[in-house]
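**Q** sharing a model that was predicted from the sequence below.
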Amino acid sequence: MNVLNSGQLLCVQCDDLPWKPSALAPGVFVKDVAITDGLEMQIVRVEAGARLPLHTHECPEFIYVLEGELILRGQCLPRGWASVASVGSVHSDVHSETGCVFLLVDRPL
């Protein structure tokens, strides 16, 4: 994982990053891009049928769907849609019926 200090800039060819199994749930994989100032950027792949557990946000979360469809609390977010969750928001049903890939900016786990 790339960790940036104040004043640094990083450009990354994300296609070269390996997919790693996520600790959050089976069928979820991540490409770790970088961490800076308490936030982490990842590319997340959710396989068809995979579900993420209930979670409460301790900091803002930003999602941008790159491929497929992500279902977030009953709302389908297809490619090109974004989601912003504020501190204290709860995600009780996050899954993909078709599989999807999204960009995530959140706190490091």
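**A** Done, it's in.
**Q** ok, residue 41 touching residue 105?
**A** Yes. With contact defined as CB atoms under 8 Å, residue 41 counts as touching residue 105 (5.2 Å). Every residue, glycine included, has its C-beta placed from N, CA and C.
**Q** looking at the two, which is more packed in?
**A** residue 41 (19 against 16; other CB atoms under 10 Å).
**Q** now do the contacts for that one.
**A** Going by CB atoms under 8 Å, 6 or more residues apart in numbering, residue 41 touches 33, 34, 35, 103, 104, 105.
**Q** save those as JSON lines, and put in distance to residue 5, secondary structure and pLDDT too.
**A** As requested, the contacts of residue 41 are exported to JSON lines (distance: CB to CB, whole Å; DSSP: H, G, I helix; E, B strand; the rest coil; pLDDT from 0 to 100):
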{"residue": "33", "distance to residue 5": "16", "secondary structure": "strand", "pLDDT": "96"}
{"residue": "34", "distance to residue 5": "11", "secondary structure": "strand", "pLDDT": "94"}
{"residue": "35", "distance to residue 5": "11", "secondary structure": "strand", "pLDDT": "92"}
{"residue": "103", "distance to residue 5": "23", "secondary structure": "strand", "pLDDT": "97"}
{"residue": "104", "distance to residue 5": "22", "secondary structure": "strand", "pLDDT": "94"}
{"residue": "105", "distance to residue 5": "18", "secondary structure": "strand", "pLDDT": "95"}
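**Q** thanks again, I'm all set now.
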